[in-house]
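> Below are the sequence and a predicted model; questions follow.
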Amino acid sequence: MMRSTANPIFSGLVQAATPNARRRNSVAMLLAWTAAMLCILSTHPWLLGEEPSRDSRIPKFELDIQPILTARGCNSGPCHGKSRGQNGFSLSLLGFDADWDYRAVVEEGRGRRLFPAAPDQSLLLVKGSGLQPHGGGVKLEPYGEDWQTIRRWLEAGMPRTSPDDPTISGLRIEPSPRSMQPEESIELSVIAIYSDGSEREVTPISAYQSNEPAIVSVASDGKIRASVHPGEATIMARFMGRIATWSTAIPQPAPFDPGSLALLQSSPSWIDQMQAEKFRELRLEPSTPANDSQLLRRLSIDLIGRLPSLEEATRWLDDARTAEEKLPEWIDHYLAQPEYADYWANQWADLLRPNPYRVGIKATFWLDAWLREVFRQNLPYDRWVGDLLTAKGSNWKYGAVTVFRDRREPEEITTMVSQLFLGVRLECAKCHQHPFEVYGQKDFYGLASFFSRVGYKGTGLSPPISGGEEMVWVKSEGATKHPLTGESLGPTPLLSEPLQLAEGEDPRAKLMDWLKQPENPYFAQAAVNRIWAQLFGMGLVDPVDDMRATNPPSHPELLAKLADHFRESGYDQKTLLRTLVSSRLYRLSSQPNATNVADRRNYSRHYRQRLRAEVLADSVSDILGRPVNYAGMPTGSRAMQIWTFRSDSELLDAFGRPDPNQDPPCSRESEATVVQALHLMNAPGIQNRFADDQGRCRQLAKSPRSIESIIEELSLRCWSRRPSPEEVAALVADFNASGQDRARWVEDYAWSLLNTPEFLYKD
């Protein structure tokens, strides 16, 4: 760039300084002045007539200034974007409200943050660049490109965008996505596409985030760097409320045997064939198949939530056919068991069941009964979800109504519906632009409008005891309003146009019509992803209720095909389960090999899961032969049949059942804790059942059966396998040398089995 001495500021400084130097006739003063000027000119290149930026446009607030504030984190949650701002300066989170931000920057505090007459002395610049103390640190490079863009905006009179200015219509990231080598670096370019067809590179003023920074990191300038760890990552670029993503994979560097894929490639299951191609791309060798006992135990727990019975385990192991040959009839066997309905209703109860002290005990009981009947009849998924979302009538007669009794405002039910049935965490958009998605307040309240006509008659809530009857009905009119603009919003599906309703039509029925449309990817994908996570230990999208562009599926093609399969089956859950557990991928063992020991997203091995609290409680009762009596339940009821979280159980609480005081949807705690270990070892509720005269341990000890036979039975009940000859020999030797009475030894042996990881985990 050519420098011009015609700059008036430069000329004025020379004219003022030269006579002064001549009058003083001081060489030292002249040298000092020269040094000062060189320092100023080195940091103020615009004094020499340099163009302040390569972009000659007049900067506009929405087009240029807000993106800078967002990219540098000024309007982020920890900084001025928090609810009350920072040190008296408040910006909207991630720039979702341009009017608020403009007033805060330009007008608030009598314009104290800007000095148009001396732009470079504006607080926005001197504090942001660290030239004056700033609690947030240096956000703008002093006199850098962002600094000069803001300065030119000040010189231009702080203009905003006009109706004639183009608006942003999308983002593009270059180069095209590809795989990376360990420690490779790539410089990404972000291109903004505008409504007039123009494009502009916005790489320096975009915000970036990696969903797996330990695998691929991204710097503030868009430069990404792969680590030495194999895996996959997605980079998000955000600019002016628009988002683009760039995905990559780093294959593992260890030697890879293509022959390890033969078992999956030869499978009749399209799931296996798709996974074989994924493993080839990532150079992952799948683990060997699980053994027979592991497979039976896994299948029984996954489908009906209980351990295989002694008879089932014996019959399975005595069948000489291969696992592939006998598996289909066992899948049908378990899907036909009565425990199926209780197990799957129990899982949905976590997400829908309210606190009975809030909505009423009777209402909670009827909701639980309704859920169990749904799975007892194997109602299609779209059918029962539709019945739930359009429920009306008495909460004493129709359990699904309880959901609307618990969540009484459109905003409350919208948060639940989006999370459970769309797989989208939309709650952020209730107050501001979603930080990792394209959804804003208009999207949230447009969706909430589907529930704006829900009305109530009868006894409302009066916690802690809300026992009255209430009717839910549909009003003739109702709408939600945008909290900022006051605009009345009609029922609007996500990222769509408002729907027109016929007179007297229930908006919730229109919502279900939209959910079930084949072109709507959310509904079916959210359902199959949740079921996949139950069977395989982790969702294709994880967490299962956080489906977004910046948290993409690990296997997008597989997820889409599973959703299509679910729709084509008529949303039949049993058909979907049969397809999943019939795959050879489902039968892989958890034992890693050299290539997949670090894999935690691609299912090249089985991911072990701790038994669900109710599964564990019922398993202990089945093994020890002594059930537990739960409050509010008939004698002999199983933990899986409990209809309220308020039923006391130290074991269920220790192993992570939802807190009844939490607001659902609730997630369970799946981590192992010291409390759990101590409970299994010492809790009176378990210890007393070992020594119960009517319990299994005492009955076995009293029987004339050999100690070897007793060892085998307890092993089959706990682990679904027979003990190895080495285990039997060691145990018999211990029994003979222990000097204990037979009953005490059997109790100790059963106690040791219940405290092993092989019992506690689904492998």
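Noted; the coordinates are in hand.
> pLDDT wise, what is G170 at?
Among the per-residue scores, G170 holds a pLDDT of 89.
> Check L511 too.
The predicted local confidence for L511 comes out at a pLDDT of 94.
> Let me see the domain layout of this protein.
8-48, 61-155, 168-250, 380-516, 613-762 (automatic domain parsing).
> Go ahead and confirm M240 touches A192.
Yes: with contact defined as C-beta atoms under 8 Å, M240 counts as touching A192 (7.4 Å). (Each C-beta comes from the backbone N, C-alpha and C, glycine too.)
> who touches both of those two?
By the contact definition C-beta atoms under 8 Å, 6 or more residues apart in numbering, M240 and A192 are jointly contacted by I168.
> of the two, who's got more company?
With other C-beta atoms under 10 Å as the criterion, M240 and A192 differ in neighbour count, and A192 comes out ahead with 24 against 20.
> and the more buried one, what element?
Taking DSSP states H and E as the criterion, the element that holds A192 is strand 189-194.
> Also P255?
With DSSP H and E as criterion, P255 is part of no helix or strand.
> Just give me the neighbour total for it.
When neighbours are counted by other C-beta under 10 Å, P255 registers 9.
> So for it, what's the pLDDT?
According to the per-residue confidence, P255 scores 88 in pLDDT.
> What distance do you get for it to E285?
Distance, P255 to E285, using C-beta to C-beta, to the nearest Å: 9 Å.
> Identify the contacts common to those two.
Residues touching both P255 and E285 (C-beta under 8 Å, 6+ apart): A594.
> picking up where we left off before, chain center to the strand holding A192: distance?
In this view, strand 189-194 has its centroid 28 Å away from the chain centroid, taken as C-alpha atoms, centre = their mean, to the nearest Å.
> was I right about G636 contacting P627?
Yes: judged on C-beta under 8 Å, G636 makes contact with P627 at a distance of 5.4 Å.
> Those two: who's more crowded?
In this view G636 and P627 are compared by other C-beta under 10 Å, and P627 has more residues nearby, 17 against 11.
> show me what contacts that one?
When contacts are counted by C-beta under 8 Å, 6+ apart, P627 touches 621, 636-638.
> from these, which single one is nearest P552?
Nearest to P552, judged by C-beta to C-beta, of those is R638 at 39.3 Å.
> Check whether the closest one really touches D342, as I assumed.
Yes: here R638 reaches D342: they are 7.2 Å apart, a contact under C-beta under 8 Å.
> So which of these two has more stuff around it?
Counted by other C-beta under 10 Å, R638 and D342 do not tie: D342 has more neighbours, with 24 against 19.
> Give me the phi and psi angles of the more buried one.
phi -60, psi -40 (degrees, to the nearest 10).
> do you know how far the residue nearest to it when sequence neighbours are not counted is from H606?
The spatially closest residue to D342, leaving aside those adjacent along the chain, is M640, at 4.5 Å (C-beta to C-beta, 6 or more residues apart in numbering). From M640 over to H606 the distance is 23 Å, taken as C-beta to C-beta.
> Settle it for me: which of these two has more neighbours?
Remark: of M640 and H606, H606 carries more neighbours, 25 against 20, as counted by other C-beta under 10 Å.
> give me every residue that touches the closest residue in space to the more buried one that isn't next to it in sequence.
Taking C-beta to C-beta, 6+ apart, and ignoring the residues beside it in sequence, H606 has S590 as its nearest neighbour in space, at 4.3 Å. S590 is in contact with 287, 290, 605-608, 763, counting by C-beta under 8 Å, 6+ apart.
> Going along the chain, name the strands of the stretch 651-763 of the chain.
Remark: strands of the stretch 651-763 of the chain, listed N- to C-terminal, are 761-762; assignment by DSSP state E, counting those that start in this stretch.
> so where's it shaky on pLDDT?
Counting by pLDDT under 70, the ranges of the stretch 651-763 of the chain that qualify are 663-667.
> Which stretches in it count as helices?
Along the stretch 651-763 of the chain, counting by DSSP state H, counting those that start in this stretch, helices occupy 674-682, 684-690, 696-702, 707-719, 725-738, 742-754, 757-760.
> same thing with the stretch 1-150 of the chain?
Listed in chain order (using DSSP H, counting those that start in this stretch), the helices of the stretch 1-150 of the chain are 8-24, 27-43, 66-71, 98-102, 108-111, 123-128, 145-155.
> Go through those and find the least confident stretch.
When mean pLDDT is averaged over each of the helices of the stretch 1-150 of the chain, helix 8-24 scores lowest at a mean of 40.
> need the domains of the chain in TSV with distance to N551, can you?
What follows is the domains of the chain, written out as TSV (distance: least, C-beta to C-beta, whole Å):
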stretch	distance to N551
domain 8-48	42
domain 61-155	17
domain 168-250	6
domain 380-516	7
domain 613-762	16
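> Which among those is found nearest to N346?
Shortest distance between N346 and the domains of the chain, using C-beta to C-beta, is found for domain 613-762: 5.4 Å.
> Start and end of that closest one, how far apart?
The separation between the terminal residues of domain 613-762, taken as C-alpha to C-alpha, to the nearest Å, is 12 Å.
> what does stretch 186-204 give?
Across stretch 186-204, the terminal residues are separated by 15 Å (C-alpha to C-alpha).
> related to what we said a few turns ago, on the pLDDT front, check the residue nearest to H606 for me.
96.
> Equivalent analysis for E437, please.
As predicted, E437 sits at a pLDDT of 64.
> Of the contacts of P627, which one scores lowest on pLDDT?
For the contacts of P627, the weakest pLDDT value sits at G636, with 88.
> ok, it to R698 distance?
According to C-beta to C-beta, G636 and R698 sit 19 Å apart.
> what's the answer for Q609, then?
Using C-beta to C-beta, one obtains 32 Å as the distance from Q609 to R698.
> ok, now M512?
M512 sits 55 Å away from R698, taking C-beta to C-beta as the criterion.
> cool, and Y357?
From Y357 over to R698 the distance is 40 Å, taken as C-beta to C-beta.
> what helix or strand is L171 on?
Using DSSP H and E, the element containing L171 is strand 168-174.
> Make TSV out of the helices of the stretch 651-763 of the chain and add distance to C431 and mean neighbour count.
As requested, those are exported to TSV (distance: least, C-beta to C-beta, whole Å; neighbours: other C-beta atoms under 10 Å):
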stretch	distance to C431	mean neighbour count
helix 674-682	36	14
helix 684-690	45	16
helix 696-702	56	19
helix 707-719	50	19
helix 725-738	59	12
helix 742-754	48	18
helix 757-760	42	16
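> Of those, give the one that comes closest to A594.
Closest of the helices of the stretch 651-763 of the chain to A594 is helix 757-760, at 23.0 Å (criterion: C-beta to C-beta).
> With only the CA atoms kept, save that closest one in CSV.
Provided in CSV are the C-alpha atoms of helix 757-760 (Å, rounded to 0.1, in the frame of the first residue of the first chain):
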residue,chain,number,x,y,z
PRO,A,757,-18.7,-56.7,37.7
GLU,A,758,-19.9,-59.6,35.6
PHE,A,759,-23.2,-59.4,37.5
LEU,A,760,-23.4,-55.7,37.8
